[in-house]
Every structure is written in structure tokens, then in C-alpha cells.
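Colleague: predicted model, plus sequence, below.
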Amino acid sequence: MAKLYFYYSAMNAGKSTNLLQSSHNYQERGMNTLLLTPEIDQRAGLGKIASRIGLEAGARTFRQDDDLHALVEAGEDDPALAGVACVLIDEAQFLTRPQVEQLAQVSDDLDIPVLCYGLRTDFQGNLFPGSAALLGWADNLTELKTICHCGCKATMNLRTDEKGNAIKEGSQVEIGGNERYVAMCRKHFREAMR
């Protein structure tokens, strides 16, 4: 039976690299994969998943109102999606709860594994809706680890301004990379937020 997986971490832990490697492993065995990325994250370009170490691949974009189960199920009529052996989701924190339930349905009813990669928490230490739903619905939870500047495990994402100062308020979603966010351990995150 297929499963729904959630690989989560702070920024800079290699989530996209891990996703692209997993897709490559399937493709190397002659199996098709479906890569999905949220339309709102266009840092690498529309419909692309890219890692900081230079790996990238094309992906289908999704919006928060898309039915992901219907998209995968319709693959039987779409040559590009025919015979999908695995669905891989980048930036899974941007999924909605209904989309997480739809992905669970993909693994349960269509017997296709679904691998989701995303942040657990935002810049204030709050769960993203997609991450909260995945923590509740996923069959397997795996933390990918990265480190704080002190060498301890980083679990928090500090949002910074152009001078490197902590930003304490604002919208939960602000797309950015190393220029806007720093992965930190909880202790140093708390100190920066004071």
C-alpha cells in the first residue's frame, strides 16, 4: 500500500535536493514521476524546482484551489502523466488542508506514493496550514536536519530585513531564500526575536 510522506525542516536543509534525488531514483528505474510546486513560489522560474546546489527540474504548478487528487487521477488521459509511479510536492507548507486530504486519497485510492517536502513553521514559529495538516495526515514524518550558526540543530526560520535584523511581524507567506531567511536553533531564534 502506498503512503503519504512528509519531509520537513527549517530553511537550507536540502528539501528540494532530496526531492529531486528521489525523483531521479524513480526515473532511473524507468518510472514516471509527477513533480508539483506552488504557483506562488517562482524563485527558480514558473514551473521549476531548483536546489541551491544547482539541481533543477520542470514541475507542474498548483494553486490553493486546485484539486490535486483530480489532477493525478486525470493522468490516465494525459500522456505526460500516464503511469505516474510517485507524486513529489515541493514547498508543501503552501498546501491547503483539503489538498493534503486529496493527496492522502491519491496514496490510499490510487496506490501512488506521495512525497511532500516543506517547512514546518513560519518566521514566527507558527505551523503553516499545509504543514499542520501533513503532520496530522502523513503516514511517515521525517525531519531533515540543518544547523544553526552555533552548530546546533536548526529548527526555526528567522526572517530578516536587508540589514540582517529580525522581522517580528508581517504576512505568514513571504517568498524568499537566503537573502530573507536564516535557519536557527530555538535559543538563537528567541534571542533574535527579543
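Modeller: Nice, thanks for sending it over. Numbers count the residues shown, from 1 in each chain.
Colleague: the helices in the protein, which residues?
Modeller: Per DSSP state H, the chain carries helices over the ranges 15-28, 68-73, 97-109, 129-137, 186-193.
Colleague: turn the ones you listed into TSV, including distance to Cys148, mean neighbour count and mean pLDDT.
Modeller: For glycine as for every other residue, the C-beta is placed from the backbone atoms N, C-alpha and C. Formatted as TSV, these follow (distance: least, C-beta to C-beta, whole Å; neighbours: other C-beta atoms under 10 Å; pLDDT from 0 to 100):
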stretch	distance to Cys148	mean neighbour count	mean pLDDT
helix 15-28	17	18	94
helix 68-73	34	19	92
helix 97-109	29	20	97
helix 129-137	20	19	97
helix 186-193	6	15	93
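Colleague: just the buried residues of stretch 51-65, please?
Modeller: Residues 51, 57, 59, 62 are the ones in stretch 51-65 that count as buried (16 or more other C-beta atoms under 10 Å).
Colleague: ugh, wrong one, stretch 140-156
Modeller: For stretch 140-156, burial by neighbour count (16+ other C-beta under 10 Å) applies to 146, 148, 153-156.
Colleague: of the buried residues of stretch 51-65, which is the nearest to Glu101?
Modeller: Of all the buried residues of stretch 51-65, the one with the least separation from Glu101 (C-beta to C-beta) is Phe62, at 14.5 Å.
Colleague: how much space separates the nearest residue to that closest one once chain neighbours are set aside from Thr61?
Modeller: Nearest non-adjacent residue to Phe62, counting by C-beta to C-beta, 6 or more residues apart in numbering: Leu36, 5.3 Å away. Distance, Leu36 to Thr61, using C-beta to C-beta, to the nearest Å: 7 Å.
Colleague: please apply the same query to Lys163.
Modeller: Separation of Lys163 from Thr61 (C-beta to C-beta): 33 Å.
Colleague: same check, this time on Val182
Modeller: 27 Å.
Colleague: burial count for Ala82?
Modeller: Using other C-beta atoms under 10 Å, the number of residues around Ala82 comes to 10.
Colleague: is it true that it touches Asn32?
Modeller: Yes: the pair Ala82 / Asn32 is scored as a contact, 7.0 Å apart, by C-beta atoms under 8 Å.
Colleague: pLDDT score for Pro79?
Modeller: Here, the pLDDT recorded for Pro79 equals 69.
Colleague: ok, Gly83 touching Asn32?
Modeller: Yes: using C-beta under 8 Å, Gly83 is in contact with Asn32, at 5.2 Å.
Colleague: out of the two, which sits in the busier spot?
Modeller: Using other C-beta under 10 Å as the criterion, Gly83 and Asn32 rank with Asn32 on top: 15 against 10.
Colleague: distance of that one from Pro98?
Modeller: 25 Å.
Colleague: also Leu20?
Modeller: Distance of Leu20 to Pro98, given as C-beta to C-beta: 27 Å.
Colleague: where does the residue nearest to Ile89 when sequence neighbours are not counted land on pLDDT?
Modeller: Leaving aside its sequence neighbours, Ile89 sits nearest to Cys116 (C-beta to C-beta, 6+ apart; 4.4 Å). You'll see Cys116 listed with a pLDDT of 98.
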